[in-house]
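Fold the following, please.
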Amino acid sequence: MHSSLQAYSEQDSPPSPGKGSRSNSRKSTGNVDDVRSNGWLDAMKASSPPRKKLIKGSSNQVASIDDDFEDYCSWMLEYPSALDSFEEIIDLAMDKKIAMFLDYDGTLSPIVDDPNCAFMSESMRSTVRSVAKHFPTAIISGRSRDKVFDLVKLTELYYAGSHGMDIIGPVSETLSKNHPNCVKSNDHPGKETTLFQPAREFLSMIDEIFRILVEITKDIQGAKVENHKFCVSVHYRNVEENNWTTIGQRVHDVLKDYPLLRSTHGRKVLEVRPVIDWNKGKAVEFLLESLGLADRNDVLPIYIGDDKTDEDAFKMLRESNRGYGILVSSVRKESNAFYSLRDPNEVMKFLQLLVNWKNQER
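Prediction:
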């Protein structure tokens, strides 16, 4: 057993955050094969494909890159470029009100080794501000709502943090009656908003699991644990791949004692969050309702995102036949999106096209 995990196992159990929050079983360190047999390790490896570099003189490497390019081109037949398909999208939007939903990391900002350095460019900020002038716009991120607001710095938008479990939206009396966790908020001075937190009762449990995960991963070089208020992220982007099994197993073992929490996989990150029927798709539905756009036939929601957690929003839009998802990816991925963009630069070009189209329409 690894030393830090041994130390944690020998400590007294941490205080329970509430009745029924933890199982009564003693903590087990499990077997390192657990993360292999239950698919965790495969999911961790698949969450962010390796970057291939062209090595001069290596014919095998060139062949591999050519194969990848051909594979990506065939994939784009199923998920065509939103830039190349812009006229088609505009035809679909004709006589309709567009509502824009955006992920942050990998969509408005590049994916970087240090999540604290995932800054959006000033040109992207200016573009998003222009989009918000023409269309209701919200950012739905896995980060805490406060953190993503600090990064975006635009009061014209609405924000949903913790994968939609912490939402600032327009004031709606109907929503306040239907959702007991809705309260009026003064987070944005001069702008009436509603705060909705469907997992509020999990706050102390999330704080507790955050402290535990920090403790049991502190000896793994490159590991980083972030508290996003209603979920916890365990980043392994900077961890040597031969330690991925270790970090996955430790998270797996801790969650055995927390049946009300679950782990999902993102881009080289494990996300620990409450087991509730809520996700980014539900957040989009909530925001559409709060904007007064839920039951209208003249509304076209567009969601742009790059990660597995965005699939819930893509799926909701596809299955309800009410809007379109755009996946940001430069590699082949199966998705519920309709269109694709390669990277944040293409996202900005697409948003600029929308703004220009709206300006010309006037």
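
where do the helices sit along the chain?
3-10, 34-37, 40-46, 59-78, 86-93, 122-134, 145-152, 173-178, 203-217, 244-255, 280-290, 311-320, 344-361 (DSSP state H).

Any idea which of those gets closest to Tyr104?
helix 145-152 (5.3 Å; CB to CB). Bear in mind the C-beta positions are built from the backbone N, C-alpha and C, glycine included.

Does that closest one pack against any helices or strands, and if so which?
Using 3 or more CB pairs under 8 Å, 6 or more residues apart in numbering; DSSP states H and E, the elements in contact with helix 145-152 are strand 158-161, strand 166-170.

among the ones you listed, where is the model least confident on average?
Here the helices and strands packed on helix 145-152 differ in mean pLDDT, and the lowest is strand 166-170 at a mean of 89.

returning to that earlier point: right, so the helices and strands packed on helix 145-152: which one is the most enclosed?
strand 158-161 (a mean of 25; mean count of other CB atoms under 10 Å).

mind listing what it pairs with, with the direction of each?
strand 137-140 (parallel), strand 166-170 (antiparallel) (DSSP bridges).

which residues of the stretch 51-200 of the chain score low on pLDDT?
Scanning the stretch 51-200 of the chain for pLDDT under 70 picks out 51-67, 172-180, 186-190.

Oh, that last question was meant for the stretch 251-362 of the chain, not what I typed.
Ranges of the stretch 251-362 of the chain meeting pLDDT under 70: 362.

Ser340 reaches Tyr324, doesn't it?
No - using CB atoms under 8 Å, Ser340 is not in contact with Tyr324, being 11.2 Å away.

residue closest to the middle of the chain?
Gly142 (4.3 Å; CA atoms, centre = their mean).

In this structure that one contacts His265, no?
No - with contact defined as CB under 8 Å, Gly142 does not count as touching His265 (11.7 Å).

what's the overlap in contacts for these two?
Glu271 (CB atoms under 8 Å, 6 or more residues apart in numbering).

What residue, apart from its backbone neighbours, is nearest the residue nearest to the centre of the chain spatially?
If the residues on either side of it in the chain are set aside, Gly142 comes closest to His163, at 5.1 Å by CB to CB, 6 or more residues apart in numbering.

so how far is Leu260 from that neighbour?
For His163, the distance to Leu260 (CB to CB, to the nearest Å) stands at 16 Å.

more neighbours, those two?
For His163 versus Leu260, neighbours defined as other CB atoms under 10 Å are more numerous around His163 (27 against 17).

how about stretch 319-333: buried residues?
Neighbour-count burial for stretch 319-333, with 16 or more other CB atoms under 10 Å as criterion, is recorded at 322-329, 332-333.

Mind checking which of those are in strands?
324-328 (DSSP state E).

Out of the residues you listed, which is nearest to Arg211?
Nearest member of these to Arg211, counting by CB to CB, is Val328, at 33.2 Å.

what residues are up against the residue nearest to the centre of the chain?
Here Gly142 is in contact with 105, 161-163, 228, 231, 233, 266, 271, 307, 309 (CB under 8 Å, 6+ apart).

same deal with Met165?
So Met165 contacts 197-199, 230-231, 273-274, 276, 278, 283 (CB under 8 Å, 6+ apart).

Need the max-distance pair from the residues you listed.
Across those (CB to CB), the longest gap, 14.1 Å, separates Pro274 and Ala283.

out of those two, which sits in the busier spot?
More neighbours surround Ala283 than the other of Pro274 and Ala283, with 27 against 20 (other CB under 10 Å).

In space, what's closest to Phe101 - neighbours in sequence excluded?
Nearest non-adjacent residue to Phe101, counting by CB to CB, 6+ apart: Tyr303, 4.3 Å away.

For that neighbour, give the beta-bridge partners.
Here Tyr303, judged by DSSP bridges, has bridge partners Phe101, Gly325.

Surely it and Gly323 touch.
Yes - contact status for Tyr303 versus Gly323: in contact at 6.9 Å, counting by CB under 8 Å.

what residues are shared contacts of these two?
In contact with both Tyr303 and Gly323: Leu317, using CB under 8 Å, 6+ apart.

Tell me which residues touch Tyr79, please.
With CB under 8 Å, 6+ apart, Tyr79 has these contacts: 327, 335, 337-340.

Look up how far Ser330 lies from it.
Counting by CB to CB, the gap from Tyr79 to Ser330 is 12 Å.
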